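Visitor: Coordinates only, no sequence provided:
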């Protein structure tokens with residue numbers, strides 16, 4: 001019963017991504033046409049961001065599909081890291097798009113142009129509604145999955161950008177403040193860099209197998225070393241494979257020459273301890289007794 005529920009949830013995730021992709025393709029086409037007709041850089045910049053949304057959603061969809069494929073002899077982890085890679089790619093595109101927008105905003109500041117604000121207002125409203133619906137579709141999954149979070153952030157920032165474009169359109173229509181178009185483009189770009197950098201940093205840390213920020217390795221060592229017959233946990237690696245799997249690999253030195261069955265009992269106790277206190281759900285331990293090797297917590301392989 002639990003398996004069916006999980007499968008249904010993954011299917012819903014894929015369906016929500018497909019709906020968001022189609023909506024953003026329509027919004028992008030409308031904004032490109034409208035931006036060219038009206039001469040609005042902020043509308044074109046929003047269209048560029050929307051196009052990056054389409055690409056990021058496609059990447060997220062493919063990654064979500066790949067992550068469900070089974071492991072094999074040639075891929076012992078399967079494609080479980082596909083979603084982390086997708087998040088890294090999506091975060092990178094956020095930052096790249098932001099840099100391009102800053103360059104264009106600077107050029108437009110030097111050469112401001114009159115803009116057809118009426119078209120800007122209507123198209124930004126359409127984008128707000130379309131992206132707002134997509135944001136609601138992906139919000140739940142974004143809390144527990146870095147890949148879905150990257151897609152969600154693309155859509156959320158684009159919705160906020162469309163709100164900024166709408167405000168700019170209103171200011172241009174009623175107050176003829178055409179320089180606001182460039183200013184809003186710049187603000188949108190800075191916001192993209194802010195959210196993109198945070199996601200880029202997180203996905204990079206996972207890809208580089210860094211120790212998760214919430215894990216204190218010294219606390220892990222102290223907890224395991226309190227178990228009877230255990231001498232010292234050392235040569236430790238702790239990393240996230242993906243959003244769901246936190247792995248520990250280590251050497252475990254014992255005070256006495258125990259049997260394999262005794263080791264199994266102690267290993268089960270360690271697994272329970274690590275799971276409940278540190279949320280580590282995959283444990284690989286090499287038992288040792290009187291082995292002459294480095295006993296430091298971290299050993300450079």
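Guide: Received it, and whenever you're ready, just let me know what you need. Note that the coordinates shown come from a computational prediction; the quantities given were computed from them, not determined experimentally. Residues are numbered from 1 along each chain as shown.
Visitor: Got the domain ranges for the protein?
Guide: Following automatic domain parsing, the chain resolves into domains at 2-207, 217-288.
Visitor: For these, could you give me TSV that also reports mean pLDDT?
Guide: Formatted as TSV, the domains of the chain follow (pLDDT from 0 to 100):
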stretch	mean pLDDT
domain 2-207	83
domain 217-288	96
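Visitor: tell me the most buried of these?
Guide: Counting by mean count of other Cβ atoms under 10 Å, domain 2-207 has the highest mean neighbour count of the domains of the chain, with a mean of 19. Every C-beta, even on glycine, is put in place using the N, C-alpha and C of the backbone.
Visitor: who wins for proximity to residue 299 among the domains of the chain?
Guide: domain 217-288 (4.5 Å; Cβ to Cβ).
Visitor: who touches residue 270 in this structure?
Guide: By Cβ atoms under 8 Å, 6 or more residues apart in numbering, the residues touching residue 270 are 224, 227, 252, 283, 285.
Visitor: let's see 7 Å
Guide: Contacts for residue 270 (Cβ atoms under 7 Å, 6 or more residues apart in numbering) come out as 224, 227, 283, 285.
Visitor: if we can go back for a sec, the domains of the chain: which one's closest to residue 300?
Guide: The nearest among the domains of the chain, by Cβ to Cβ, is domain 217-288 at 9.9 Å.
Visitor: Pull the distance from the helix or strand where residue 24 lies to the chain's centre.
Guide: Per DSSP states H and E, residue 24 falls inside helix 2-38. Remark: helix 2-38 is offset 17 Å from the chain centroid, using Cα atoms, centre = their mean, to the nearest Å.
Visitor: Summarise which helices and strands it is packed against.
Guide: Applying 3 or more Cβ pairs under 7 Å, 6 or more residues apart in numbering; DSSP states H and E, one finds that helix 2-38 makes contact with helix 41-66, helix 117-142, helix 146-175.
Visitor: For the domains of the chain, please prepare CSV with the additional fields distance to residue 295.
Guide: What follows is the domains of the chain, written out as CSV (distance: least, Cβ to Cβ, whole Å):
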stretch, distance to residue 295
domain 2-207, 27
domain 217-288, 5
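Visitor: what's downstream of the helix or strand encompassing residue 199, the next helix or strand?
Guide: For residue 199, the element it lies in under DSSP H and E is helix 180-207. Next along the chain after helix 180-207, taking DSSP H and E as the criterion, comes helix 217-225.
Visitor: got the contact list for that next one?
Guide: Residues outside helix 217-225 that contact it (Cβ under 7 Å, 6+ apart) are 211, 230, 232, 233, 236, 238, 270, 273, 277, 278, 297.
Visitor: Return the subset of the residues you listed lying in helices.
Guide: 270, 273, 277, 278 (DSSP state H).
Visitor: Among those, which one sits closest to residue 13?
Guide: Checking those one by one against residue 13 (Cβ to Cβ), the nearest turns out to be residue 278, at 27.5 Å.
Visitor: how far away is that closest one from residue 94?
Guide: Applying Cβ to Cβ, to the nearest Å, the value for residue 278 to residue 94 is 32 Å.
Visitor: returning to what we had before: mind giving me the packing neighbours of the helix holding residue 199?
Guide: helix 41-66, helix 82-110, helix 146-175.
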